[in-house]
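J.: sequence unknown, structure follows:
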């Protein structure tokens, strides 16, 4: 999987920056504790009494810088700092890195070069802090350059000035270490960006897949022509409505609606006009019932309406009559006046049956009884 193009997708680029800053800020606490502890260790290693006050003062400064790092590790969790811009947060992290680089270049000014253990301790601890900073700052190139350049330059300068002969081999080794640290930082920074980019790309892909899944489910549950629920979704909606009716001790009316002489419309005007007539009829049915009621298309010219909160069979007949009356109004389609009247049969849940299939069978039979009437009015299953 290719990673997100950060130059073209600014929202993802900003998310990556924010995530990297979050991790760096959280890891400041570890850097604060380690640098404070190691500064104390260097102070305890100092052998000359006249250097001890300088080393102690330096340790106090390291502790203050450590407190600043600890602040950075938790400040973004507070509401008042959530509005701080990424640029400001990045600047605060760079200040933390600069403080580290400057403070850890100072020990070379007071370390005793005639005391091998003291010198080795300072150099090893400084090297360890530089190495550990790669992980703390996720290889941020600016931060790593600031952290490592000042201490490395201080060590090289001190060795060149205070050691005779000049330890060329040691200096070359230190320069090599510097180059290695910077190369590792570049790879770490690149890897961090790719990792977070992949994370957000995967999250975006999952979101798109979930959206596509919902759309497919919606398409699978909807009639292609009218957009009404199909038989599958109708069954689910009926189950929900039936459970609510049982809890509220009410009834449901199941209306089976069959368009009258619809084959004649197709034969006379063509299937395109016929499809538009079905869409118009679906719209009329949807407007004729309440928002909580359900209108679905079974297929062809057959529709079903499920009406909630029916108190008596008479209420069901009233709703059915209103729906039948609404459908008797001709609709204008492409310059034609089309009669989209329908015959309607009604069954009641739970009076006549509890299953949707049985209720549909009963209301279908009642609908055919209505078709046999001259007025083709609604018919209620007895």
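T.: Structure received. None of these values were measured; they are calculated from a predicted model.
J.: May I see the buried residues of stretch 283-296?
T.: Going by neighbour count (16 or more other C-beta atoms under 10 Å), the buried part of stretch 283-296 is 284, 285, 286, 288, 289, 293, 294, 295, 296. From N, CA and C alone the C-beta is placed, and that goes for glycine too.
J.: Kindly reformat the residues you listed as CSV containing secondary structure, pLDDT and distance to residue 330.
T.: Listed next are the buried residues of stretch 283-296 as CSV, based on DSSP: H, G, I helix; E, B strand; the rest coil; pLDDT from 0 to 100; distance: C-beta to C-beta, whole Å:
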residue, secondary structure, pLDDT, distance to residue 330
284, helix, 93, 11
285, helix, 93, 15
286, helix, 93, 18
288, helix, 91, 15
289, coil, 91, 20
293, coil, 93, 24
294, strand, 94, 26
295, strand, 95, 20
296, strand, 95, 24
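J.: Stretch 254-269: how far from the chain's middle?
T.: Taking C-alpha atoms, centre = their mean, to the nearest Å, one finds stretch 254-269 lying 47 Å from the centre of the chain it belongs to.
J.: can you pull the buried residues of it?
T.: Those would be 254, 255, 256, 257, 258, 259, 260, 262, 265, 266, 269, for stretch 254-269 by 16+ other C-beta under 10 Å.
J.: What is the burial count for the closest residue to the third one other than its chain neighbours?
T.: If you skip the residues right next to it in sequence, residue 256 has residue 363 as its closest partner in space, 3.8 Å away by C-beta to C-beta, 6 or more residues apart in numbering. Residue crowding around residue 363 was assessed by other C-beta atoms under 10 Å; the count is 27.
J.: picking that back up, okay, the buried residues of stretch 283-296 in TSV with distance to residue 103 next?
T.: Shown next, in TSV, are the buried residues of stretch 283-296 (distance: C-beta to C-beta, whole Å):
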residue	distance to residue 103
284	80
285	78
286	73
288	80
289	76
293	74
294	72
295	75
296	74
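J.: Closest one to residue 230 out of those, please.
T.: Among these, residue 296 lies closest to residue 230 (C-beta to C-beta), at 6.7 Å.
J.: for the closest one, which residues make a bridge with it?
T.: residue 304 (DSSP bridges).
J.: Make sure it is actually in contact with residue 303.
T.: Yes. With contact defined as C-beta atoms under 8 Å, residue 296 reaches residue 303; the gap is 6.7 Å.
J.: anything in contact with each of those two?
T.: residue 228 (C-beta atoms under 8 Å, 6 or more residues apart in numbering).
J.: And the helices in this protein?
T.: For the chain, the helices defined by DSSP state H occupy 10-45, 52-75, 86-103, 107-110, 116-136, 141-162, 168-220, 231-248, 262-269, 271-288, 313-327, 356-371.
J.: What mean pLDDT does the fourth one get?
T.: With pLDDT averaged residue by residue, helix 107-110 scores 91.
J.: for that helix, packing partners?
T.: helix 52-75, helix 116-136, helix 141-162 (3 or more C-beta pairs under 8 Å, 6 or more residues apart in numbering; DSSP states H and E).
J.: one more time with 10 Å, if that's ok
T.: Applying 3 or more C-beta pairs under 10 Å, 6 or more residues apart in numbering; DSSP states H and E, one finds that helix 107-110 makes contact with helix 10-45, helix 52-75, helix 116-136, helix 141-162.
J.: so which of the ones you listed gets nearest residue 277?
T.: Per C-beta to C-beta, nearest to residue 277 of those: helix 10-45, 46.1 Å.
J.: for that closest one, the distance to its chain's centre please.
T.: Centroid separation for helix 10-45 versus its chain: 27 Å, with C-alpha atoms, centre = their mean.
J.: elements contacting that helix?
T.: When contacts are defined as 3+ C-beta pairs under 10 Å, 6+ apart, helix 10-45 packs onto helix 52-75, helix 86-103, helix 107-110, helix 116-136, helix 168-220.
J.: would you turn these into a markdown table with mean neighbour count?
T.: Shown next, in a markdown table, are these (neighbours: other C-beta atoms under 10 Å):
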| stretch | mean neighbour count |
| --- | --- |
| helix 52-75 | 17 |
| helix 86-103 | 18 |
| helix 107-110 | 20 |
| helix 116-136 | 18 |
| helix 168-220 | 14 |
